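Peer 1: 3D model of this:
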Amino acid sequence: MERSRVARFRVMTNDACEASCVDSCALEEEEEPSSSSQSLPGCPSSLAIPFVRAASSSFALATPQLVLARFDADHVNTKLFDAVSEEAHDERMRVIPFATDDRSHFDAHVAREYALWSRGERFNFVILQRKELASEPAGDEETDVCIANADPVGCAGIVDVDAGHGVVQIGLFTLRDKEGKGLAAEALRAVEYMTFDVLGMHRSELRTDAANVRCARLAERGGYQREGVLRENFVARNGQRNNTAIFGKLREEWRGGGAWKAYLV
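Peer 2: Below you'll find the model as predicted:
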């Protein structure tokens, strides 16, 4: 079994891409299931959520194409607002709480994201697309992760945490012009990595409008099982009642399906 290793990253956030180095655990895919419940090297799962809750605003997940960064720097938030405001009245965005063309409402949602993160109730990220594909860090190699010029393509994260039962709900969306490019699938796998390997959770769920064929296809291709439909359980912003389809994946299914690599930054 290949052991986890520590990689060094420089998280570059401002226009000049100047930032300090951050030591982070780059937890790698294991070749066979482990009976250990630890979610961080030497760190029991009971401590994982407090670890993430206390993480700095530079905490992020990195994949070859993407960086999943916290709602943080104003320029990142502004870019995201500009992007979602253009689609705010799109039918597909009716369930996204911060899909608005009102900046004050958007900023209020960002503040709420910080509060929920600090309470360990929600760990949400802005999906940023890298300008160039990134290679895997080797050993203690120092790797630059520059998000100053990266473009927001959506959001993804853990939107509900039931730590007592080891269950989380994952939510994500991508902007319309970024659909069909594999970015949502890559973001989903990164959040699954955080769910199962970092937090040591037992089960993840995806919930979506039962009429959302694209999201259902994403879940099923990602190894989730369709487990049922909640009838008329959700009222959208337009007042319409919708059905919700529930998809689930267990930790052993994640490992058995080839747990995908991502890196803590």
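Peer 1: Surely residue 48 is in contact with residue 200?
Peer 2: Yes. Contact criterion CB atoms under 8 Å: residue 48 and residue 200 qualify, at 5.7 Å. C-beta coordinates here come from the backbone N, C-alpha and C atoms, glycine included.
Peer 1: Regarding the protein, what is its longest helix?
Peer 2: The longest helix of the chain (DSSP state H) is helix 103-118.
Peer 1: by contact count, what packs against it?
Peer 2: Helix 103-118 sits against helix 74-85, strand 123-129, with contacts defined as 3 or more CB pairs under 8 Å, 6 or more residues apart in numbering; DSSP states H and E.
Peer 1: Need the contact partners of that helix.
Peer 2: Helix 103-118 has contacts (CB atoms under 8 Å, 6 or more residues apart in numbering) with 53, 70-71, 77, 81, 84-85, 97-98, 100, 122-124.
Peer 1: go with 6 Å
Peer 2: For helix 103-118, the external contacting residues (CB atoms under 6 Å, 6 or more residues apart in numbering) are 71, 77, 81, 97, 98, 100, 122, 123, 124.
Peer 1: The first one - that's part of a helix, no?
Peer 2: No. Judged by DSSP: H, G, I helix; E, B strand; the rest coil, residue 71 forms no part of a helix; its state is coil.
Peer 1: so where do the strands sit in the stretch 151-265 of the chain?
Peer 2: Using DSSP state E, counting those that start in this stretch, the strands of the stretch 151-265 of the chain run over 151-162, 167-174, 203-209, 225-235, 241-250, 263-264.
Peer 1: how about those in JSON lines, adding distance to residue 66 and mean pLDDT?
Peer 2: Formatted as JSON lines, the strands of the stretch 151-265 of the chain follow (distance: least, CB to CB, whole Å; pLDDT from 0 to 100):
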{"stretch": "strand 151-162", "distance to residue 66": "8", "mean pLDDT": "92"}
{"stretch": "strand 167-174", "distance to residue 66": "10", "mean pLDDT": "94"}
{"stretch": "strand 203-209", "distance to residue 66": "18", "mean pLDDT": "95"}
{"stretch": "strand 225-235", "distance to residue 66": "25", "mean pLDDT": "95"}
{"stretch": "strand 241-250", "distance to residue 66": "20", "mean pLDDT": "96"}
{"stretch": "strand 263-264", "distance to residue 66": "11", "mean pLDDT": "52"}
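Peer 1: Of the ones you listed, which is nearest residue 90?
Peer 2: Distance to residue 90, taken as CB to CB, is lowest for strand 167-174 among the strands of the stretch 151-265 of the chain, at 10.7 Å.
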